[in-house]
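Colleague: can you look at this prediction? I've put the sequence above it.
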Amino acid sequence: MKANAVITGASSGIGLALARNLSKKGYGLLLVARRESRLNEIAQELGNCHVFVADLSVDSECERLEKFLETYDFEIFINNAGFGECGKFNAIPLKREFSMIALNIFALHRFTKTASQLLEKKGGGYILNVASTAGLLPAGPYMATYYATKAYAASFTQAIANELENSKSKVSVSCLCPGPVDTEFNQEAHVEFALPGITAEFCANYALKQMFRRKKVIVPGRILRIGLFFGRFLPRNLLVKIAGKQQKRKIAESLSKNTD
Ligand SMILES: NC(=O)c1ccc[n+]([C@@H]2O[C@H](COP(=O)([O-])OP(=O)(O)OC[C@H]3O[C@@H](n4cnc5c(N)ncnc54)[C@H](OP(=O)(O)O)[C@@H]3O)[C@@H](O)[C@H]2O)c1
């Protein structure tokens with residue numbers, strides 16, 4: 001039996017695919033999310049799982065998980081829970097944006113610190129922070145807050161990864177930056193993809209392979225990696241315009257689907 005892994009947002013999508021993959025590798029799992037019945041079903045399917053029901057956009061819920069982690073022996077921590085919202089900035093309720101910032105930034109930040117400190121004490125381990133390709137681009141009109149939260153996750157994670165490497169730590173932190181992945185993300189963000197997505201299973205498999213190699217930035221999909229490489233040579237202004245057009249297309253696709 002291998003060690004344990006903690007996965008936030010394990011009730012669907014990329015988190016669930018990561019859970020299935022790590023379970024096959026023999027890891028025990030701590031599955032964290034809000035939907036208790038889903039987590040229980042997954043725990044039954046996989047076996048050797050603990051379920052921790054928590055809304056990680058709420059401070060006191062994060063504290064409760066932190067306390068639990070002090071007594072739970074784990075080798076891998078995956079900060080995956082997150083969501084986005086598409087639309088005009090003035091039309092999105094502030095409460096929704098604050099909840100996104102609390103989950104995508106505050107929770108990710110605090111669990112990176114908790115996990116990093118606990119793993120240092122244990123002698124090593126892995127942290128995987130799920131950002132997005134959105135976080136590697138300068139900005140995303142019509143998904144402004146989401147892009148900004150993921151830019152935070154990407155910048156913050158790369159900085160910590162560098163610090164840990166410089167101190168020759170046995171703890172590594174990697175940043176996963178997927179493009180479109182077929183999950184429940186769009187349902188939550190109220191849009192349709194403008195581009196075809198990869199499967200959550202492909203994303204999880206590639207991410208874990210690279211995480212175990214202690215890669216700092218992980219981008220699943222060759223076409224995406226090529227696109228990001230050439231994107232470096234474009235002016236920031238143009239990249240922002242391209243990102244905005246993509247988001248507008250997503251909104252149009254979902255409007256046309258809803259009126260069909
Ligand atoms: N799908 C994509 O195209 C894509 C691309 C790039 C990056 N990502 C990132 O990948 C991560 C996973 O998303 P996904 O695509 O797999 O979407 P998903 O299927 O909607 O999964 C999101 C997960 O986060 C959990 N979650 C949401 N709010 C939460 C909260 N307040 N507290 C605790 N857990 C919460 C959800 O569980 P409950 O609802 O049960 O709480 C669910 O398990 C996110 O960080 C997302 O930003 C996704």
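Modeller: Now that the structure is in, tell me what you want to look at.
Colleague: how about the helices in this protein?
Modeller: Secondary structure of the chain (DSSP state H): helices located at 13-24, 36-46, 59-69, 94-101, 108-122, 144-166, 185-189, 200-212, 222-231, 236-259.
Colleague: could you dump those helices to TSV with mean neighbour count and distance to Thr133?
Modeller: The C-beta positions use only the backbone N, C-alpha and C, and glycine is treated the same way. Compiled in TSV, the helices of the chain are given as follows (neighbours: other CB atoms under 10 Å; distance: least, CB to CB, whole Å):
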stretch	mean neighbour count	distance to Thr133
helix 13-24	22	13
helix 36-46	15	27
helix 59-69	15	26
helix 94-101	14	17
helix 108-122	18	17
helix 144-166	19	8
helix 185-189	17	13
helix 200-212	20	12
helix 222-231	12	6
helix 236-259	14	10
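Colleague: out of those helices, which is closest to the ligand?
Modeller: Nearest of these to the ligand, taken as CB to the nearest ligand atom: helix 13-24 at 2.1 Å.
Colleague: quick one: contacts of the closest one?
Modeller: 5, 7-10, 29, 31, 33, 42, 46-49, 76, 78, 80-81, 128, 130, 178, 181, 183-185, 199-201, 203-205, 207-208 (CB atoms under 8 Å, 6 or more residues apart in numbering).
Colleague: cool, and stretch 151-159?
Modeller: Residues outside stretch 151-159 that contact it (CB under 8 Å, 6+ apart) are 79, 104-105, 108-109, 112, 129-132, 134-137, 139, 173-175, 177, 216-217.
Colleague: which positions in this protein make contact with the ligand?
Modeller: Residues of the chain lying near the ligand by CB under 6 Å from any ligand atom: 8-15, 33-35, 38, 55-57, 80-84, 103, 130, 132, 178, 180-181, 183-185, 188, 197.
Colleague: just the buried residues of those.
Modeller: By the neighbour-count criterion of 16 or more other CB atoms under 10 Å, the residues of the chain next to the ligand include these buried positions: 8-15, 33-34, 38, 56-57, 80-84, 103, 130, 132, 178, 180-181, 183, 185, 197.
Colleague: can you tell me how far Ala144 is from Tyr72?
Modeller: In this view, Ala144 and Tyr72 are 36 Å apart by CB to CB, to the nearest Å.
Colleague: got any ranges where the chain has weak pLDDT?
Modeller: Regions of the chain meeting the criterion pLDDT under 70 cover residues 1, 193-194, 254-260.
Colleague: quick check, central residue of it?
Modeller: Val130 (2.6 Å; CA atoms, centre = their mean).
Colleague: mind listing the residues bridging to it?
Modeller: Following DSSP bridges, Val130 is listed with bridge partners Leu176.
Colleague: how about the contacts made by it?
Modeller: Gly9, Ile14, Ile78, Asn79, Asn80, Gly82, Ala153, Leu176, Pro178.
Colleague: correct me, but the first one touches Asn104?
Modeller: No: using CB atoms under 8 Å as the test, Gly9 is too far from Asn104 to be in contact (10.6 Å).
Colleague: list residues touching both of these two?
Modeller: Gly82.
Colleague: now Thr157: closest residue in space, sequence neighbours ignored.
Modeller: The shortest distance from Thr157 to any residue other than its chain neighbours is 3.9 Å, reached at Cys175 (CB to CB, 6 or more residues apart in numbering).
Colleague: hmm, I was thinking of Lys25
Modeller: Lys2 (6.6 Å).
Colleague: state the distance from the one you found to Leu128.
Modeller: 16 Å.
Colleague: between those two, which one's more packed in?
Modeller: Leu128 (25 against 12; other CB atoms under 10 Å).
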